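Chemist: Below are the sequence and a predicted model for it; my questions follow.
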Amino acid sequence: KILISGSCTFHEVEWLGRFFWMARLIHAACFASQRPLTPLHTAEHQLFILQRPSAYQRTNCIVSALPLEEAPVCPAALRVVCCDVDGTLLTPQHTVTERTVNTVMAVMDRGFTFCACTGRGRAGALGVLDDLGERLRREGAPGVYLQGLQVFGQAGALLEQQRLPPRVIQKVAEFAADRGISMIGYSGDMILCEECNVWTDILLKYRDVPPQAAGSWSTISTEATINKLILLSSAPVLAEMRIDLSQLLDTEASLTQAVPEMLEVLPRGASKGCGVKTMLDSLGVSPREVLAIGDAENDIEMLTLSGFSVAMDNAAAIVKETASYVTASNEQDGAAQALERFCLGSDL
């Protein structure tokens, strides 16, 4: 270990990080300030700066070169955990392990507010989480669902809901039909489609709510509240199609992806991160008091917003680059490992 104490500028701290290139983490800590860690990435290391208030334009800090396994517990001010579901809490087989359930419950027992933040509807998310989902439902836990389009606060009260305009639904439906692509629409806890087929049945593999055939999209768009649409196809087809759909919708809607076979259409400007901010405001919680965990493109805004963020090892590179810390994969209970380390104080 190398410990250097004193007052130094940001550039001096960065130079020290480059100098001690064998260190996997450079940690500048003034824990008394309880301010969030700010990650700064370089090719060799991840640099964390935690500043105290100072009348000088210099950073009062302690710099220590530590291996990642010895990284300290994250900021003491954490009160809320915002956690993705698919690819994070769930295994690749779309199940939740006993270790994950027990760890999350222990975190809740420790006094943390645990919030599921997912692209699923509330019923689908809590259902797939088994005993954990039942406890979250019973206790009226806050949460963010449908990529931030439904936000629930204390006692499970619905705080906010966004919907797609009928004209956008029709435009996307015509786009999908012209290309022979199946499409589903989330209406709260229901999943609607024109007809069920092999692509809509993919939701069953994810243990989500079964889709319901509800007639033509022209009828669905006027008679139901559609929060978001999902186009279903192979990853290469959707990747090519995304460019054309983005140009077609322009400023009318936003696109995101949580899994490669699903391209999601959201109301313009909507995101999981925006939903989390609405929820936190209702709870009187600052984003710096939040630990967020996720694995996909749709988690980036949430991870960026939070005071301390964790990416799964199965996450895309861009998600890992966003996060303060990378845990193990969802095959190895990575979310549970992160919660054990950062909320329960376990040394793994």
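Modeler: Great, that's in hand. Numbers count the residues shown, from 1 in each chain.
Chemist: what's the lengthiest helix in the chain packed up against?
Modeler: Scanning the chain for the longest helix, with DSSP state H as the assignment, gives helix 235-249. The elements that helix 235-249 packs onto, with contact taken as 3 or more Cβ pairs under 8 Å, 6 or more residues apart in numbering; DSSP states H and E, are helix 166-178, strand 228-232, strand 253-256, strand 262-267. In short, each C-beta sits where N, CA and C put it, glycine included.
Chemist: I'd like the ones you listed as CSV, with mean neighbour count and distance to Y325 appended.
Modeler: CSV is the format used below for the helices and strands packed on helix 235-249 (neighbours: other Cβ atoms under 10 Å; distance: least, Cβ to Cβ, whole Å):
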stretch, mean neighbour count, distance to Y325
helix 166-178, 17, 37
strand 228-232, 24, 30
strand 253-256, 20, 23
strand 262-267, 23, 27
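Chemist: So which bits of the longest helix of the chain are buried?
Modeler: For helix 235-249, the neighbour count (16 or more other Cβ atoms under 10 Å) marks V237, L238, M241, L245, L249 as buried.
Chemist: Give me the residue ranges of the stretch 101-250 of the chain where confidence is low.
Modeler: Along the stretch 101-250 of the chain, the model assigns pLDDT under 70 to no residue.
Chemist: Pull the contacting residues for T100.
Modeler: T100 sits next to L89, L132, D333, A335, A336 when contact means Cβ atoms under 8 Å, 6 or more residues apart in numbering.
Chemist: about what we covered before: hmm, which two among the buried residues of helix 235-249 are most spread apart?
Modeler: The largest separation in the buried residues of helix 235-249, counting by Cβ to Cβ, is between V237 and L249 at 17.8 Å.
Chemist: now the helices for this protein?
Modeler: 10-19, 98-109, 122-128, 130-138, 166-178, 202-205, 217-223, 235-249, 272-283, 300-305, 317-322, 334-342.
Chemist: Tell me which of those sits most buried.
Modeler: For the helices of the chain, average neighbour numbers computed from mean count of other Cβ atoms under 10 Å are highest in helix 334-342, which has a mean of 24.
Chemist: Outside of that helix itself, list whatever touches it.
Modeler: Applying Cβ under 8 Å, 6+ apart, the set of residues contacting helix 334-342 is 73-74, 78, 81, 83, 88-89, 97, 99-100, 103-104, 107, 291, 293, 308, 310, 312-314, 325, 327-328, 346-348.
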